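Asker: here's a sequence, model it:
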Amino acid sequence: MNQLFGTDGIRGAFGRDMTPRLCFYVGRALAALTATPTVVVGRDPRPSGESLTAALVSGLTAGGATALTCGVVPTPALSFLMQKRHADFGVMITASHNPKEDNGIKIFNRTGQKVTRCQELRIESLVHALFRGEEFPYICGKVKRISAKPYREHLESLPPLIGVSVALDLARGSACTYAARAFQKLGATVYLSGRRDFSGRLGINENCGATHPAVLSAFTKKCGADLGFAFDGDADRVLLCDKRGKLYGGDEILYLLSVWRGAEEVVGTVTTNGGIEAALLSRGVGFSRAAVGDRNVTAQMIERGATLGAESSGHVVFFPEMITGDGIFTALFIAGLYRTLGEGFYCRGSYVLYPQVSLSVSTARGKDLLSLPTVKEAIAKANGFLGEGGMLLVRPSGTENKIRILAESQTLKKAKRAATEVQTALITAQQQNLSHSPCSVASKEV
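Answerer: Coordinates of the predicted model:
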């Protein structure tokens, strides 16, 4: 078998890469990591989630674990409930922002944060052993159903939002039964989009949520709301929109929260916009970049003593209020700041984003393509073209079968040229060397 874990757990198409058998083995592996562990298990509302969860719980209990199931919850709720229950592990069946056909597994350790790479390697080793037919001892475990009420009360304990109106795009995901209720309980006026379609015609993340920010922009303006928030499928990340429809991603949220929280040290990632870094440094705020993945951001925050960190995609973590990224909590916190500060919250003119162009090439052979001489030459040429003031990041996606290309420059023309040349080289290389591997293209300019 190949490496199971990407940048954020295990993901793949249901029935092909993500199967009940794999989930059963992951459960058996976790049960073998420590004696009779307690494991909190949740899922997002994808149709495939029920069978995968059942298989996972079977694997856990076959190895002597106690599985505490909490049903459909946001991923941060799972982490929160783990702490309340003093659990050894937490497992979330979700593919986050991926299409509805996919599903996945996110695993948390007893700290309530994503398992470390060392822990992932140990789990992978045990899962591979099971696939090879090695026998593990069977021990009778237990299954208990637990309530997510403590997490709801946690959200509803934030300051009141009376007088604030919000537009929420729930991505037809885990936020559906939590976000609207929390805002309403705190007194906000709420407008909803991206609600669950129980008929099954419209799926999670389908033309809604954080992966389709233009929908949030139009919806917020249509409603006349003060603020708009879009979540992803498992509600661990969030995008912000103001009343004019202007969107704010994780980079801008990182800057805005650093101002109002008085942060002295913050952590971004290799994709964080250079304009945000420049603005932070001009304010005397220490800034460092972690590898992509909220686990990496959190680890670097702890290492550097930072109280705030974020990914461009909208994963935001701030200590001590949060253990891991929580889109709903972040949205409620921002709304609370807005209630106090009004439009002054946005600090208009205090930062300038550098133009970025984001492209991708769909392929299951990312590492093979990136090792080809013609691709390496194109990347080197693009880097030279961008110069010292630019940035080029070309990497296999850790959540989808894609190579992601991000080019940044102080002019859009340069960024677009660099990204396009690398994309063209990748497509040409795939057609010439890996013609049997399907290829498609996606792009976004920022």
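
Asker: residue 419 is in contact with residue 378, correct?
Answerer: No: Residue 378 is beyond contact range of residue 419, at 10.9 Å (criterion: Cβ atoms under 8 Å). Quick note: C-beta positions are derived from backbone N, CA and C, even for glycine.

Asker: with neighbour numbers in mind, choose between the two.
Answerer: Counting neighbours by other Cβ atoms under 10 Å for residue 378 and for residue 419 shows that residue 419 has the greater number, 28 against 21.

Asker: check that one and give its pLDDT.
Answerer: For residue 419, the model assigns a pLDDT of 91.

Asker: can you check residue 178 too?
Answerer: pLDDT, residue 178: 96.

Asker: which residues touch it?
Answerer: 73-74, 77, 151-152, 155, 235, 328 (Cβ atoms under 8 Å, 6 or more residues apart in numbering).

Asker: how about residue 167?
Answerer: With contacts defined as Cβ under 8 Å, 6+ apart, the neighbours of residue 167 are 191-193, 216, 219-220, 223, 225, 227-229, 241.

Asker: quick check: beta-bridge partners of it?
Answerer: residue 191, residue 228 (DSSP bridges).

Asker: just residue 143 next, same as before
Answerer: residue 67.

Asker: tell me how far residue 220 lies from residue 182.
Answerer: When Cβ to Cβ, to the nearest Å is applied, the distance between residue 220 and residue 182 equals 18 Å.

Asker: follow-up on the earlier one: are any of the contacts of residue 167 buried, and if so which?
Answerer: Buried by 16 or more other Cβ atoms under 10 Å: 191-193, 216, 219-220, 223, 225, 227-229, 241, out of the contacts of residue 167.

Asker: looking at the contacts of residue 178, which is nearest residue 127?
Answerer: Here the nearest of these to residue 127, counting by Cβ to Cβ, is residue 73; it sits at 24.4 Å.

Asker: how deep is that closest one tucked in, by neighbour count?
Answerer: Using other Cβ under 10 Å, residue 73 is surrounded by 27 other residues.

Asker: with the one 4 residues further on instead?
Answerer: With neighbours defined by other Cβ under 10 Å, the count for residue 77 comes to 29.

Asker: show me the contacts for it.
Answerer: 42, 70, 148, 151, 174, 178.

Asker: returning to what we had before: same list, the contacts of residue 178, but as CSV with distance to residue 340, pLDDT and secondary structure please.
Answerer: Supplementary listing: those in CSV, determined by distance: Cβ to Cβ, whole Å; pLDDT from 0 to 100; DSSP: H, G, I helix; E, B strand; the rest coil:
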residue, distance to residue 340, pLDDT, secondary structure
73, 30, 97, coil
74, 26, 97, coil
77, 27, 97, helix
151, 25, 97, helix
152, 24, 97, helix
155, 19, 97, helix
235, 24, 97, coil
328, 19, 98, helix
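
Asker: buried ones only from these, please, as a PyMOL command.
Answerer: In PyMOL, the members of those classed as buried (16+ other Cβ under 10 Å) are selected with the following command:
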select buried, resi 73+74+77+151+152+155+235+328
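
Asker: determine which two of the contacts of residue 178 are furthest apart.
Answerer: Farthest-apart pair in the contacts of residue 178 is 152 and 235; separation 12.9 Å (Cβ to Cβ).

Asker: what about the closest residue to residue 79 other than its chain neighbours, which helix or strand?
Answerer: Ranked by Cβ to Cβ, 6 or more residues apart in numbering and with sequence neighbours excluded, the top spatial neighbour of residue 79 is residue 112, at 4.3 Å. With elements taken from DSSP states H and E, nothing contains residue 112; it lies in neither a helix nor a strand.

Asker: please report phi then psi for residue 112.
Answerer: Dihedral angles of residue 112 (phi, psi; degrees, to the nearest 10) stand at phi 90, psi 10.

Asker: number of residues surrounding it?
Answerer: By other Cβ under 10 Å, the residues close to residue 112 number 20.

Asker: now do it against residue 55, distance only.
Answerer: Noted for residue 112: a distance of 24 Å to residue 55, by Cβ to Cβ.

Asker: then residue 191?
Answerer: The separation that residue 191 has from residue 55, given Cβ to Cβ, amounts to 38 Å.

Asker: same check, this time on residue 420
Answerer: Distance from residue 420 to residue 55, counting by Cβ to Cβ: 43 Å.

Asker: so who does residue 332 touch?
Answerer: Contacts for residue 332 (Cβ under 8 Å, 6+ apart) come out as 155, 158, 161, 182-183, 186.

Asker: now the residues you listed as CSV including distance to residue 302 and secondary structure?
Answerer: Shown next, in CSV, are these (distance: Cβ to Cβ, whole Å; DSSP: H, G, I helix; E, B strand; the rest coil):
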residue, distance to residue 302, secondary structure
155, 24, helix
158, 24, coil
161, 31, coil
182, 27, helix
183, 31, helix
186, 30, coil
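
Asker: biggest separation within these, which pair?
Answerer: Looking across the contacts of residue 332, with Cβ to Cβ as the criterion, the two at the greatest separation are 155 and 161, at 11.5 Å.

Asker: pLDDT score for residue 361?
Answerer: What the model reports for residue 361 is a pLDDT of 88.

Asker: so what's the gap between the helix or strand hosting it and the chain middle?
Answerer: Under the criterion DSSP H and E, the helix or strand holding residue 361 is strand 356-362. Here strand 356-362 shows a centroid-to-chain-centroid distance of 18 Å under the convention Cα atoms, centre = their mean, to the nearest Å.
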